[in-house]
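>>> Have a look; sequence and predicted model below, questions after that.
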Amino acid sequence: RKEVEQDPGPFNVPEGATVAFNCTYSNSASQSFFWYRQDCRKEPKLLMSVYSSGNEDGRFTAQLNRASQYISLLIRDSKLSDSATYLCVVNGNNAGNMLTFGGGTRLMVKP
Amino acid sequence: DVKVTQSSRYLVKRTGEKVFLECVQDMDHENMFWYRQDPGLGLRLIYFSYDVKMKEKGDIPEGYSVSREKKERFSLILESASTNQTSMYLCASSFPQGAGGELFFGEGSRLTVL
């Protein structure tokens, strides 16, 4: 079993739709969680951290379920510019040097 | 803005050649990393360094070595390139513990080994 698993997609949604991705992780000792965004042929960039209480940043909402060992990302009112691959990242320690990346979920928002 | 610069965007090498991939960051970050990214496999950690002259193996260090002689520079070395090392190589840097774990990536170096 992979340490961090994501549905690779692609998720094809119309503009304005709400879309959600899940990511499961196997290490119950994992301490920090993140969503990164990677545009085609570009480097990954941090989208948002995922806090235990859940957090929201504009149209994006991230949630953590420690009991079931998954994190989620919800995107409301999808824009064409949201088309990208979303990477789930799990940090196994506070030193920030045990980051494990999921394979990514590709989102395509269509007009 | 943080800038992580990788020396070459595209390289084509022959089997058995020695390959150097250079990475420089300008934010005085302690941590630096080398990943490779392959379709279906995601990003996999090759080596990381948390200080000058320090290095730690990641998940897939075989066939690679690294050098960190200066804080801002982290080099990845393929002693004898093989076709299975054809990949996208991404360098990243970050602050040490307690900083939330944000990684800043370079634009990547796409290596093809013939």
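Everything's here; your move. The model shown is predicted, which means the values in this text are computed figures rather than measured ones. Numbers count the residues shown, from 1 in each chain, chains lettered A, B, ... in the order given.
>>> rest of the way, CA atoms for contacts and neighbours
Fine.
>>> Could you identify the helix or strand that succeeds the lowest-mean-pLDDT helix or strand in chain A?
Ranking every helix and strand in chain A by mean pLDDT, DSSP states H and E puts strand A:99-101 at the bottom, with a mean of 87. For strand A:99-101, the following helix or strand on the C-terminal side (DSSP states H and E) is strand A:105-110.
>>> List the neighbouring strands of that next one plus their orientation.
According to DSSP bridges, strand A:105-110 forms sheet pairs with strand A:11-14 (parallel), strand A:84-91 (antiparallel).
>>> how about these, which one is nearest B:Gly63?
Relative to B:Gly63, the nearest member of the strands paired with strand A:105-110 by CA to CA is strand A:84-91, separated by 25.2 Å.
>>> roughly how far is that closest one from the heart of the chain?
Strand A:84-91 sits 5 Å away from the centroid of its parent chain (CA atoms, centre = their mean, to the nearest Å).
>>> Give me the residues contacting that strand.
Residues outside strand A:84-91 that contact it (CA atoms under 8 Å, 6 or more residues apart in numbering or on different chains) are A:4, A:6, A:23, A:25, A:30-40, A:97-108, B:101.
>>> Tell me where chain A has strands.
Under the criterion DSSP state E, chain A contains strands at A:4-6, A:11-14, A:19-25, A:32-38, A:45-50, A:55-57, A:60-65, A:70-75, A:84-91, A:99-101, A:105-110.
>>> residues near A:Ala29, how many?
Neighbour count of A:Ala29, defined by other CA atoms under 10 Å in any protein chain shown: 10.
>>> No further queries at this time; thank you.
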